Structures are given as structure tokens and as C-alpha cells.
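# Quick one: sequence and predicted model below, then my questions.
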Amino acid sequence: MIEFGTGGWRAKIGEEFTKTNVQLLAQALADLIFEQEVEAKGFVVGYDRRFLSDKAAKWMAEVLTANGITVYFIEKISPTPLIMHAVKEYDAFYGAAITASHNPAEYNGVKLFTKGGRDATEEVTDEIEKKISKLNLVEVKFMDFEEAKNNNLIEIIDPFNDYIDTIISMIDTQSIKNSNMKILLDPMFGVSKTSLQTILITARCEVETINDRHDTLFGGRLPSPNTHTLNRLKNMVVEGNYDLGIGTDGDADRLGIIDEKGNFIHPNDVLALLYYYLLEYKGWSGGVVRNVATTHLLDQIAKNYGEKCYEVPVGFKHISSTMEAKDALIGGESSGGLTIRGHIRGKDGIFAASILIEMLSVTNKKLSELIAEINQKFGYYAAAESDISFTAKEKAALIQKLFVDKKLPDFKYELKDVSYQDGAKVYFENDGWIIVRFSGTEPLLRIFAEMETRDKAVELINKMKEFLDLESYKSVI
């Protein structure tokens, strides 16, 4: 069974992520491409450092080329945003990255992109799922990778320089050069080092890295840059007197930030900082797009500058499509992914980190000072979250209770509204909120809350867990 979630198709290696399933997916893609009569546009394929990523990229290419589709193959390990950029630059109608992003090491998967370098829509992935369900393995065409190269159906490409030059052209490198910044980078055994280091060294930053070797087990950690996984980075930033610590997830489309004091800066605050910087210091204009689980601080900033904040379901495809429709300036999510108008229509941790360093250089302020500036102007918004595992039986009961019967706890705050756009989100009159939803990338129930204090946000989450009878499950807030 191949099912796409909010971040592509992800599955455990050896269970659902197998050569057979990758080939079935590739054949369904080929059938769709011919049905849409865009086979002449070719297909971009790239991969990250995960186990089997390089081989799976070749499995996909071998099926596509056997169907007569030219494959632009990136032979070096690559960040997902670089692959998305290549889809845009090569004017391909489709492309794919073999990655499971921030999932545990036993997972791999496929992120699918469409024209312009954006995440595939649900309409596209739903159609692929339908085609896969009707496919037989004997219908899958195959051509050996070397044979396809010899027949000029595979073109080896290296879009690294174009991607790097694009980012450099979009940032104020002179201001960064003048700031003499000292940066510590943690790629989390992923693929961001070469790209981000090249950009920052070009801008004359002093850059050092940790956890940059090839380790398909990601050092035994989840390759997701959060307050729990970046402890070593926190300590080393303070000990080494760095201006900033940057962590990126496995495929470098998301980032985690450590300030000069060793504090983890929540992605909500990073997104708010960058939006504020672009409006206040660069004088740009435009709205902001966030998903249902991302801070309402963005709403307040947008309102202050006469702009609008748009709320969409989780999944960056919803953010990018709304950004385009509304000509929004920036879009992002609480998990650490964001992009800015004029760049690729997908999240890019490398680009986001570059803009963040520009912000520190242009303002000549520490990260902690800028966060204090935002809190003083727009108020304090505190977030808390909890991830909870469940069984198939428990999931059915949760769906019945939350989304069929639409039952909710008796919160002590006055309710403003309840939305079932994506999960169940409760809005309070005091501008606080709580949402409970199933993850689209992992077998988890996720609860997010935001209030004026963290204690109140945690209280909301505990209330929801008690109501759902989940208080005994292992979780982290």
C-alpha cells in the first residue's frame, strides 16, 4: 500500500519501502505523465543520505526511462530544496526527492514535486495512488540504469552552483561580510553542510560544523532540529562564543535555531522574526501564510502593517499555493519550514538560515534582542505541543470521538470558534487556541496549543489528553 501524506510518501524500509513499491510508484508516475502529455518535459530525480536513497533514485529512473521519459539525474547527495530548484530551472513538469525528511532512520520515502518546484497537490497524489492500486508488477517497465544513460535517456546534472548562486543573489552578502559572524552548523548527519557552508563562507562568515559525517542512523537521534535533539549545539554555541547555532533536518528543508545564549528559538518565533524583519527593516509588503498549528503572532504582525494572515491545513503544498494565490510575502509552519516570495515554492532550510543571518547582520542586533523587540511590540505568545502514539483500534475511537461525534473538553476559557478544516481546532476569545490532529507523516496524534504563558498552553494540552484518555501514553511537551 502506497499512501501519500502531508510530506510525500514515507514508509519503513523493508516493509512498505521496497524496490517493488518504488517501481510501482514510478510506473504510475510515468502513466500519469503520458496521460497529461508532458513526457517531453523530462523528470528530475535526486536523493539524500538515507539508507537506500541512492539505489531507490536509480530504481525510479530505470522505470521512467523504460517508458521513454528523459530523467535529469542528480548524482550527488542533495538537499530537497536544491532538487526542487532543479525542477524549476530545468522546466520539468515533475520531479522527486528520495528522502523521509525528519522521520526516524528506519524510514525512507519519496517527495514528489510539480512544475515550478513545488510540492505535489493532493489531486496529483490521489491520482497516483489510484493508478498504483490498479497496477500489476508485470506491467512495470524497466531499463538498466547504464543502458538508459547510453541511450541518452538519463542526463547526469549538477544544479549545485545554480542553486547556491540563486540564494546568494537574494541575500545582502555585503552586510553579512561586514558583520564578521561566527556560526556553528549541525546538519544532523544530513545534507545541508556543503550548501550552507558554501553560502556563508562566500559571505565571509566563520563557519564550523558538527555531526556532518555520513551516518544512516543519524547518530541515534531523530534527524529533526528541535529543543531535545540540539542539546550539543546549544552547549557548543555558548562554549565557543558563537553568534548563532543552526540545525537542519535530514533533507535540509527545515531548520532549528540556537541563539547566542544557547536558547532554542522555536520555529514559530523564527518565522515571526523573519516576517517582521522583511516588513520593518527591508520595507517589503505582503501577507503571510501559516498552517493551523502555527503561531497567531503572525496574525498580529500582519495586522500591525495592514497586511493579512491566511490560515491553511498542514502540508506545505497548501502554504505555497496560497502564497501564490494571495501574492503573500512569506509562508511557514511551526515545524521549522518556510519560504519567501521569489524563491522556490517549497520550504528551504538553507535559504531560511541565510536570510536569518542577513537579518542579524543588517539590524546589528542579537537574536535575543530581536525576540524581545517583537514581544514588546506585539505581545507574548507561548506554545506547547505533545506527540502521542496510538494503536489502530485507538485511532478509530479517537476519530469517532473528535471528528464524528465532535466532542470537546469543557475548557475554562470562553470559546470563539471551532474549526475542523484540519483536525479539531478550538479558538478562544483571549486569542489562545488548541488543535488536535493526526500527523500526515508519522503514526502520531499531535496536540498544539498557544496561550499568553507556557503554563496555560501546557494546561490546555493536559486537559485535552485527559479528555481523550491519553494521559498514560508516553509523550513529550
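Happy to help now that I have it.

# Could you name the helices and strands sitting against the strand or helix carrying Ser386?
According to DSSP states H and E, Ser386 maps onto strand 382-388. Strand 382-388 sits against strand 445-451, helix 454-467, with contacts defined as 3 or more CB pairs under 8 Å, 6 or more residues apart in numbering; DSSP states H and E. All C-beta atoms are positioned from the backbone trio N, CA, C, and that covers glycine.

# what does the last one contact?
Applying CB atoms under 8 Å, 6 or more residues apart in numbering, the external contacts of helix 454-467 come out as 382-386, 388, 407-409, 411, 432, 434, 436, 447, 449-451, 471, 473, 475, 477.

# what does the first one give?
Surrounding strand 445-451, the residues in contact under the criterion CB under 8 Å, 6+ apart are 268, 293, 295-296, 334, 381-390, 395, 398, 430, 432-439, 457-458, 460-461, 464-465, 468, 470.

# Of those, keep whichever come out buried.
268, 293, 295-296, 334, 381-388, 390, 398, 432-439, 457-458, 460-461, 464-465, 468, 470 (16 or more other CB atoms under 10 Å).

# any idea how the chain splits into domains?
9-158, 163-378, 382-467 (automatic domain parsing).

# Ile2: which of these is closest?
Among those, domain 9-158 comes nearest to Ile2, with 5.2 Å by CB to CB.

# picking up where we left off before, tell me the gap between the strand holding Ser386 and the middle of its chain.
Strand 382-388 sits 18 Å away from the centroid of its parent chain (CA atoms, centre = their mean, to the nearest Å).

# any idea how far Tyr47 is from Gly95?
Per CB to CB, to the nearest Å, Gly95 is found 12 Å from Tyr47.

# Equivalent analysis for Ser285, please.
38 Å.

# ok, the two, which is more surrounded?
For Ser285 versus Tyr47, the count of surrounding residues by other CB atoms under 10 Å is larger for Tyr47: 29 against 12.

# dump the residue contacts of that one.
53-54, 56-57, 74, 77-78, 97-99 are the contacts of Tyr47 under CB under 8 Å, 6+ apart.

# Next: Met1.
By CB under 8 Å, 6+ apart, the residues touching Met1 are Glu16.

# what's the answer for Asn226, then?
By CB under 8 Å, 6+ apart, the neighbours of Asn226 are 256, 264, 336.

# Apply 7 Å and report the result again.
Gly256 (CB atoms under 7 Å, 6 or more residues apart in numbering).

# and the helix ranked longest in the chain, how far from the chain's centre?
Once the chain is assigned using DSSP state H, the helix that runs over the most residues is helix 19-35. Offset of helix 19-35 from its chain centre (CA atoms, centre = their mean): 24 Å.

# Report the rounded mean pLDDT for it.
Averaging pLDDT along helix 19-35 yields 97.

# Parallel or antiparallel, list what pairs with whichever helix or strand comes after that helix.
Once the chain leaves helix 19-35, the next helix or strand it forms, by DSSP H and E, is strand 43-47. If you go by DSSP bridges, strand 43-47 pairs up with strand 71-74 (parallel), strand 94-98 (parallel).

# Would you mind telling me which of these is nearest Leu32?
The nearest among the strands paired with strand 43-47, by CB to CB, is strand 94-98 at 8.2 Å.

# tell me the angle of that closest one relative to helix 19-35?
In terms of direction (axes from the mean of the first three to the mean of the last three CA atoms, to 10 degrees), strand 94-98 departs from helix 19-35 by 170 degrees.

# Just checking the distance from strand 94-98 to the centre of its chain.
That offset, for strand 94-98, works out to 15 Å (CA atoms, centre = their mean).

# Show me what the following helix or strand past it is packed up against.
Per DSSP H and E, the first helix or strand lying C-terminal to strand 94-98 is strand 107-114. Judged by 3 or more CB pairs under 7 Å, 6 or more residues apart in numbering; DSSP states H and E, strand 107-114 is in contact with strand 9-12, helix 80-89, strand 94-98.

# Outside of strand 107-114 itself, which residues are in contact with it?
Identification of contacts with strand 107-114 by CB under 7 Å, 6+ apart yields 7-13, 17, 25, 50-53, 56, 80, 84, 87, 93-100, 119-120, 124-125.

# Please repeat the previous calculation with a cut-off of 6 Å.
For strand 107-114, contacts defined as CB atoms under 6 Å, 6 or more residues apart in numbering pick out 8-10, 12-13, 17, 50, 52, 84, 87, 95-97, 99-100, 120.

# Just among those, which is most surrounded?
Greatest neighbour count in these, by other CB under 10 Å, goes to Thr99: 34 neighbours.

# close enough to count as contact, it and Gly46?
No: between Thr99 and Gly46 there is no contact under CB atoms under 6 Å: 8.7 Å.

# which of the residues in stretch 228-248 are buried?
229-230, 232-234, 236-237, 242-248.

# Can you give me the buried ones in the lowest-mean-pLDDT helix or strand in the chain?
Among the helices and strands of the chain, helix 392-399 carries the lowest confidence by mean pLDDT, DSSP states H and E, at a mean of 88. Within helix 392-399, the residues that count as buried by 16+ other CB under 10 Å are 394, 398.
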